[in-house]
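**Student:** only the shape, not the letters, is given here:
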């Protein structure tokens, strides 16, 4: 079985940022998946599960209510590795083109008084939320984005130097 593209990115070199993960054709349209990486994989602690859940709810609500972007949003959800999120949008845009949207989304978490949809009728695990920690992670990431706005590393996946394929083979690209 062929390795999928997202497993072909050197996770030992990824820094927090906004990355174009893939573009797909669906019917006559392009949909783009972005890797919104808050943590350095395998090098720093992952996001607390309850805080991740709260960030999912708050930012999904923000994105789906933003007057300029709400009709473009297909999906916002956590990565299984708990180092970031996936954002899927209609159309094809560079990571720099969605920078301001994401900065506003993460800054909006600080204003949240409660987690939207955190009730038994709305959420599959409504008790697993942590608004205080969600605010901390959101501020940390927003501050990082602002401090690195001009650093291309937060917008481009690192070049692979050494990767292991599904069949155990190593390849180098430098």
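**Tutor:** In hand now; what should we look at? All values derive from a computational prediction rather than experimental measurement.
**Student:** from here on, just use CA atoms for contacts and neighbour counts.
**Tutor:** Noted.
**Student:** ends of stretch 126-134, how far apart?
**Tutor:** For stretch 126-134, the first-to-last residue distance is 15 Å (C-alpha to C-alpha, to the nearest Å).
**Student:** any idea of the mean pLDDT in it?
**Tutor:** Stretch 126-134 carries an average pLDDT of 97.
**Student:** any buried residues in that stretch, and which?
**Tutor:** Using 16 or more other C-alpha atoms under 10 Å as the test for burial, stretch 126-134 gives 126, 129, 130, 131, 133, 134.
**Student:** and what of stretch 61-70?
**Tutor:** 61, 62, 63, 64.
**Student:** any idea which helix or strand carries the third one?
**Tutor:** Secondary-structure assignment from DSSP states H and E places residue 63 in helix 49-65.
**Student:** quick one: contacts of stretch 85-104?
**Tutor:** Contacting residues not belonging to stretch 85-104 are listed as 18-20, 23, 29-38, 72-79, 142, 145-146, 155 [C-alpha atoms under 8 Å, 6 or more residues apart in numbering].
**Student:** can we see that at 6 Å?
**Tutor:** With C-alpha atoms under 6 Å, 6 or more residues apart in numbering as the test, stretch 85-104 has contacts from 18-19, 30-36, 72-79, 142, 155.
**Student:** pLDDT of stretch 92-101, averaged?
**Tutor:** 98.
**Student:** what comes up buried for it?
**Tutor:** 92, 95, 96, 99, 101.
**Student:** so where do the helices sit in the chain?
**Tutor:** 49-65, 99-108, 131-147 (DSSP state H).
**Student:** farthest-apart pair in the buried residues of stretch 92-101, please.
**Tutor:** 92 and 101 (14.9 Å; C-alpha to C-alpha).
**Student:** can I get the buried residues of stretch 92-101 in a markdown table with distance to residue 13?
**Tutor:** Formatted as a markdown table, the buried residues of stretch 92-101 follow (distance: C-alpha to C-alpha, whole Å):
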| residue | distance to residue 13 |
| --- | --- |
| 92 | 25 |
| 95 | 18 |
| 96 | 20 |
| 99 | 21 |
| 101 | 25 |
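**Student:** nearest to residue 52, of these?
**Tutor:** Nearest to residue 52 among those, with distances taken as C-alpha to C-alpha, is residue 101, at 18.9 Å.
**Student:** right, I'll leave it there.
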